[in-house]
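**Student:** sharing a model that was predicted from the sequence below.
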Amino acid sequence: MYKKLSNLLSKLVVLNSLVILLVILLAGLSVKDYACFLVNSKNITGPDFVQTLNEFLLRVSILAFIIVGLFHYFIVRKIVQPIKLLSKAAKDIKEGNNPLEIKIKASGELKELTDNFNSMAKVLSSTEKNREEMLKDIAHELRTPLTNMNGYLEALQNDVIKGDPELFGSLLEESCRITRIVELITELHSWSNGNFFSEKQFEHLEIDKVLKEAITVFHLKIQRQFINIKFHADKADILGNKDGLTQVFTNIVQNILDYDTGKTITINGIVTNQTFKISFTHTGQFIDPEKRDLIFERFYRLEESRSTKAAGAGLGLAIAKSIIAAHKGSIGLKTDGVNHIFSIELPLASS
């Protein structure tokens, strides 16, 4: 019964019904009692009785209207108050401001509307913050190579230095850095918005073979850098995009090679609960366990002051996260600070 009365429409229907009932009861009981008083105590009958009763009915009706009107006003104001707060908050968002969280005591549709509005406001605020941070990060990433190129070009223009193959090679390297960063940003945007699969659709993949092929590309580097190497992958089929998944594995392995401090790497792929779980275990540079999720954010680096490279723009793991999300999977990191386990879960084709 409570659930039926918890929505706004039901509340208004009940309120209006109570108002009508109060008016009828107040007027009816008053008129009845006054009529009995006139007949029994005043001995008024006939036309005088009708006239006196009509005058009393008019006064009672006005009084009942005022009392019930006030009652109706305060109750409706209490019901409408959350809507007014939502309207004010929506206006703040329209003007580009971040409204405070709306906290009201409500139930039913109003509570659901308020909760959804608060969630929407948080998402909008987070999106705007991420957009601003991304623009700042892009500007930071491009500033260094552009500054270097401008310095060289100004020096060439003013005959401060002479052009030679080494100088032009440096300019080309800086230009490639800018191109690489732009390509990574475009690629990240494509995966994040699902546009990639309009060109390359999902297909049945033997994920164990895709993983092995991706690792094989790094065979020489892994052999040189690690003493203990362990690899195992159960046979499994998934629906996915081979190029995208290969890039995920490539980005993770490259990240491990760049920041590893130990001599052991273990890569496992197992089938469990209709998912294919892949883990990359190694010992690397310190990662604050409380900030482990940040490494999958755009442009995040363990060392903020480290100078950037074309292949180290802080986008590799962000792209990996977007690709895995497009495959309806998950990616994460478990760490105690130096012992790291990158984990990926992908649904099997049979699921």
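**Tutor:** That came in fine, so what should we check first?
**Student:** relative to residue 74, how far out is residue 92?
**Tutor:** Remark: distance between residue 92 and residue 74 (Cβ to Cβ, to the nearest Å) = 27 Å. Every C-beta, even on glycine, is put in place using the N, C-alpha and C of the backbone.
**Student:** which residue ranges form the strands in the chain?
**Tutor:** For the chain, the strands defined by DSSP state E occupy 203-206, 228-233, 237-240, 260-272, 275-284, 330-335, 339-347.
**Student:** let me have those strands in a markdown table, adding mean pLDDT as columns.
**Tutor:** Output for the strands of the chain, formatted as a markdown table (pLDDT from 0 to 100):
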| stretch | mean pLDDT |
| --- | --- |
| strand 203-206 | 92 |
| strand 228-233 | 94 |
| strand 237-240 | 92 |
| strand 260-272 | 93 |
| strand 275-284 | 95 |
| strand 330-335 | 94 |
| strand 339-347 | 95 |
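**Student:** need these in a markdown table (columns: mean neighbour count and distance to residue 101).
**Tutor:** Shown next, in a markdown table, are the strands of the chain (neighbours: other Cβ atoms under 10 Å; distance: least, Cβ to Cβ, whole Å):
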| stretch | mean neighbour count | distance to residue 101 |
| --- | --- | --- |
| strand 203-206 | 14 | 44 |
| strand 228-233 | 13 | 47 |
| strand 237-240 | 20 | 39 |
| strand 260-272 | 16 | 40 |
| strand 275-284 | 20 | 36 |
| strand 330-335 | 16 | 28 |
| strand 339-347 | 19 | 33 |
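**Student:** the ones you listed: which one's closest to residue 14?
**Tutor:** Closest to residue 14 of the strands of the chain is strand 330-335 (Cβ to Cβ; 46.7 Å).
**Student:** so how far is the closest one from its chain's centroid?
**Tutor:** From the chain centre to the centre of strand 330-335 is a distance of 18 Å (Cα atoms, centre = their mean, to the nearest Å).
**Student:** next: stretch 243-260.
**Tutor:** Taking the mean of its C-alpha atoms, stretch 243-260 sits 25 Å from the chain's own mean (Cα atoms, centre = their mean).
**Student:** one more: stretch 263-274?
**Tutor:** In terms of Cα atoms, centre = their mean, the gap separating the centre of stretch 263-274 from the centre of its chain is 29 Å.
**Student:** stretch 338-351 now?
**Tutor:** 22 Å.
**Student:** what comes into contact with it?
**Tutor:** Contacts with stretch 338-351, where a contact means Cβ atoms under 8 Å, 6 or more residues apart in numbering, come from 204, 207, 236-240, 245, 248, 252, 255-256, 261, 271, 274-287, 324, 327-335.
**Student:** where do the helices sit along the stretch 1-150 of the chain?
**Tutor:** Taking DSSP state H, counting those that start in this stretch as the criterion, the stretch 1-150 of the chain contains helices spanning 2-5, 8-40, 46-94, 108-157.
**Student:** of these, which shows the lowest average pLDDT?
**Tutor:** Across those, helix 2-5 has the smallest mean pLDDT, namely a mean of 41.
**Student:** quick check, central residue of the protein?
**Tutor:** Most central in the chain under Cα atoms, centre = their mean is residue 123, positioned 5.3 Å from the mean C-alpha point.
**Student:** if I look at that residue, how far off is residue 98?
**Tutor:** Using Cβ to Cβ, residue 123 is found at 12 Å from residue 98.
**Student:** for residue 264, list each beta-bridge partner.
**Tutor:** Beta-bridge pairing for residue 264 (DSSP bridges): residue 228.
**Student:** and for residue 342?
**Tutor:** Judged by DSSP bridges, the bridge partners of residue 342 are residue 280, residue 333.
**Student:** for residue 114, find the nearest of the strands of the chain.
**Tutor:** Go through the strands of the chain one by one with Cβ to Cβ and the one that ends up closest to residue 114 is strand 330-335, at 30.4 Å.
**Student:** quick one, the closest one and strand 339-347 angle?
**Tutor:** Comparing the axes of strand 330-335 and strand 339-347 via axes from the mean of the first three to the mean of the last three Cα atoms, to 10 degrees yields an angle of 160 degrees.
**Student:** quick one: contacts of strand 330-335?
**Tutor:** Defining contact as Cβ under 8 Å, 6+ apart, one finds that strand 330-335 is touched by 248, 287, 289, 292-293, 295-296, 320-321, 324, 340-345.
**Student:** now, which of these sits nearest residue 60?
**Tutor:** Within the contacts of strand 330-335, proximity to residue 60 (Cβ to Cβ) peaks at residue 293, which comes in at 69.2 Å.
**Student:** list the contacts for the closest one?
**Tutor:** Contacts for residue 293 (Cβ under 8 Å, 6+ apart) come out as 332-333.
**Student:** that one and residue 247, how far apart?
**Tutor:** Distance, residue 293 to residue 247, using Cβ to Cβ: 20 Å.
**Student:** got it, and residue 93?
**Tutor:** 37 Å.
**Student:** these two: which has the busier surroundings?
**Tutor:** residue 247 (18 against 15; other Cβ atoms under 10 Å).
**Student:** report the separation between that one and residue 319.
**Tutor:** From residue 247 to residue 319 the distance is 7 Å (Cβ to Cβ).
**Student:** likewise residue 133?
**Tutor:** 17 Å.
**Student:** between the two, point out the one with more neighbours.
**Tutor:** In terms of neighbours (other Cβ under 10 Å), residue 319 is the more surrounded of residue 133 and residue 319; the figures are 23 against 14.
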